[in-house]
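A.B. asks: Task: produce atomic coordinates for the following.
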Amino acid sequence: MSTASNASPARRRTVTAVGGALVLVASLAACGESTDPSDNPNAFSYPETSGEPSGTPSPSASASSSADPAASGELPTVEGGFGQTPTITVPDAEPPTDLVVKTLSQGDCPAVKSGETMVVDYVGVRWEDGQPFDSSFDRGAPAGFGIGVGAVIPGWDSGLVGVKAGTRVLMVLPPDQAYGDTPPGDPIQAGDTLVFVVDVLGSHAGDEAAIGAPAPTEDDSLPAVSLSSKAPAITIPAGDPPKRLIAIPVVVGNGPAVEKGETLVVQYKGVLWRNGQEFDSSWSRQQPFVTAIGLGKIIPGWDKGLVGQTVGSRVMLVVPPKQGFGDAGQGKIKGTDTMVFAVDILGAY
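C.D. replies: Residues are numbered from 1 along each chain as shown. Have a look, this model is predicted:
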C-alpha cells in the first residue's frame, strides 16, 4: 500500500527525484560489473517525474541520439566507480545537441527491456554550471520506475532500454530530451541541458513472480494463497479474522533478508477478508510496485510484515485495521476491514 491516504501503493514517477520511492529488486549477486565499456553498446534513456521538488525528469519530447558520443564534442568527466557517488565535471564548452549515452563501466547482468520496472542510482547536474539538482546517492534510496512507457523524461526512456544491469552510464540530455521550456523548478531552468550518471541496479518484468520453495499454509483458520507463477488466488476461510498482524511466507526465497530502509520491488494482490473482493493488484497493471520499507512510506502492516522476509518469497499478510488504514478506511476498504495480501518480493536494494 502506498500511504495512509491511498488504498493502493502509489507508483512514483521520478527519474531524478526518488526520495522515499517504493522498490524491491532482485539481488545482483549472480551478476555484476565488468570494467570493459566496449562490451556494451551505448543505449538511450529517460528519467521519470515525481511530485517532489527536484530535477526528476518527466515525460516530454521524442528522443534523438548520438551513436558516437565522441562526435558530439567534449563530454563531462566522471570520477568514482559503480556504486560510488560520482563526481561530475562539466567542460567549458557548448553542450551536444543530441542525446548522448556513454558506457563508463559495463555490467554483465541481463539488459533492461522496454516496459520493465528498473531500479537505478543516479546523480544529475546542469551542463550550464555543473550545479547538482538531484541525487539518489544522497538520499540513500535507489529510484524505481517503469522504463520505455513515458513514466520519465524522454532521454531516460530512450537511453536506458538495452543497458545491462551492473552498468554505469553517462547521459547528456539536450532540452528536448529533458524538460524543454517547462522545467520542474529551481535550479533547472528552461532550455537546460542536463547531465546524469546512472548506475543500473536491476530490472523486473511485469509478469515476474516469486521463485522460492513452496511452503503452503496449513492453518485452516488462515487464508490460502495459491503457488501459481501468475497472480495468486487468495481464498478466505470461514470465521472471524485474527486481530493481530500475520506475516507468513507461502513461498520461501533464497535471497537476502529484507532490511529496514531498503527499496523493495514487489508484486502484490490485496483482497478484503469479509467478502474476498480484490481491491488492488500490481499484477493487473503488469507493473511491479517499488517502495521504501520500514520507514512509514506505506501502511504499518507492510512495514512490519515484510522486513526480515527473504527476496524471492511470496508472503501472505493478514492486516487488521490498526495495521492498515485505521478507522477511516480508504475507498472500498471500511474502517473495520481486515485486508489480506499476497506479496511477491522480487528484489531489495
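A.B. asks: what ranges do the helices span in the stretch 101-250 of the chain?
C.D. replies: Here the stretch 101-250 of the chain has its helices, by DSSP state H, counting those that start in this stretch, at 136-139, 154-160.
A.B. asks: Tell me the buried residues in the first one?
C.D. replies: Looking back up the chat, that one is helix 136-139. 136, 137, 139 (16 or more other Cβ atoms under 10 Å). Heads up, the C-betas are built off the backbone N, CA and C, glycines and all.
A.B. asks: Need those in TSV (columns: pLDDT and distance to residue 231).
C.D. replies: Shown next, in TSV, are these (pLDDT from 0 to 100; distance: Cβ to Cβ, whole Å):
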residue	pLDDT	distance to residue 231
136	97	30
137	97	35
139	93	32
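A.B. asks: Surely residue 108 touches residue 164?
C.D. replies: Yes. Under the criterion of Cβ atoms under 8 Å, residue 108 is in contact with residue 164, at a separation of 6.6 Å.
A.B. asks: more crowded one of these two?
C.D. replies: Shown here are residue 108 and residue 164; by other Cβ atoms under 10 Å, residue 164 has more neighbours (21 against 16).
A.B. asks: what's residue 82 in contact with, if anything?
C.D. replies: Taking Cβ atoms under 8 Å, 6 or more residues apart in numbering, we find residue 82 in contact with 33, 104, 105, 107, 166, 167, 168, 199.
A.B. asks: Tell me the pLDDT of it.
C.D. replies: Predicted confidence (pLDDT) for residue 82: 98.
A.B. asks: Please apply the same query to the one 4 residues further on.
C.D. replies: Reading off the per-residue confidence, residue 86 sits at a pLDDT of 98.
A.B. asks: and it, backbone torsions?
C.D. replies: phi -80, psi 150 (degrees, to the nearest 10).
A.B. asks: what about it, neighbour count?
C.D. replies: 24.
A.B. asks: I figured it was touching residue 80, is that so?
C.D. replies: Yes. Applying Cβ under 8 Å, one finds residue 86 in contact with residue 80, separated by 4.4 Å.
A.B. asks: Mutual contacts of the two, please.
C.D. replies: Common neighbours of residue 86 and residue 80, counting by Cβ under 8 Å, 6+ apart, are absent.
A.B. asks: Show me the one of the helices of the stretch 101-250 of the chain that comes nearest residue 238.
C.D. replies: Residue 238 sits nearest to helix 136-139 of all the helices of the stretch 101-250 of the chain, at 46.3 Å, using Cβ to Cβ.
A.B. asks: Give me the spatial nearest neighbour of residue 244, chain neighbours excluded.
C.D. replies: In space, and not counting its chain neighbours, residue 244 is closest to residue 320: 6.7 Å by Cβ to Cβ, 6 or more residues apart in numbering.
A.B. asks: Now for that neighbour: which residues touch it?
C.D. replies: For residue 320, the contact set (Cβ under 8 Å, 6+ apart) comprises 241, 242, 243, 244, 245, 301, 338.
A.B. asks: same thing with residue 115?
C.D. replies: Here residue 115 is in contact with 146, 147, 148, 149, 205, 206, 286 (Cβ under 8 Å, 6+ apart).
A.B. asks: Tell me the one among the residues you listed nearest to residue 158.
C.D. replies: Checking those against residue 158 with Cβ to Cβ, the nearest one is residue 148 at 8.3 Å.
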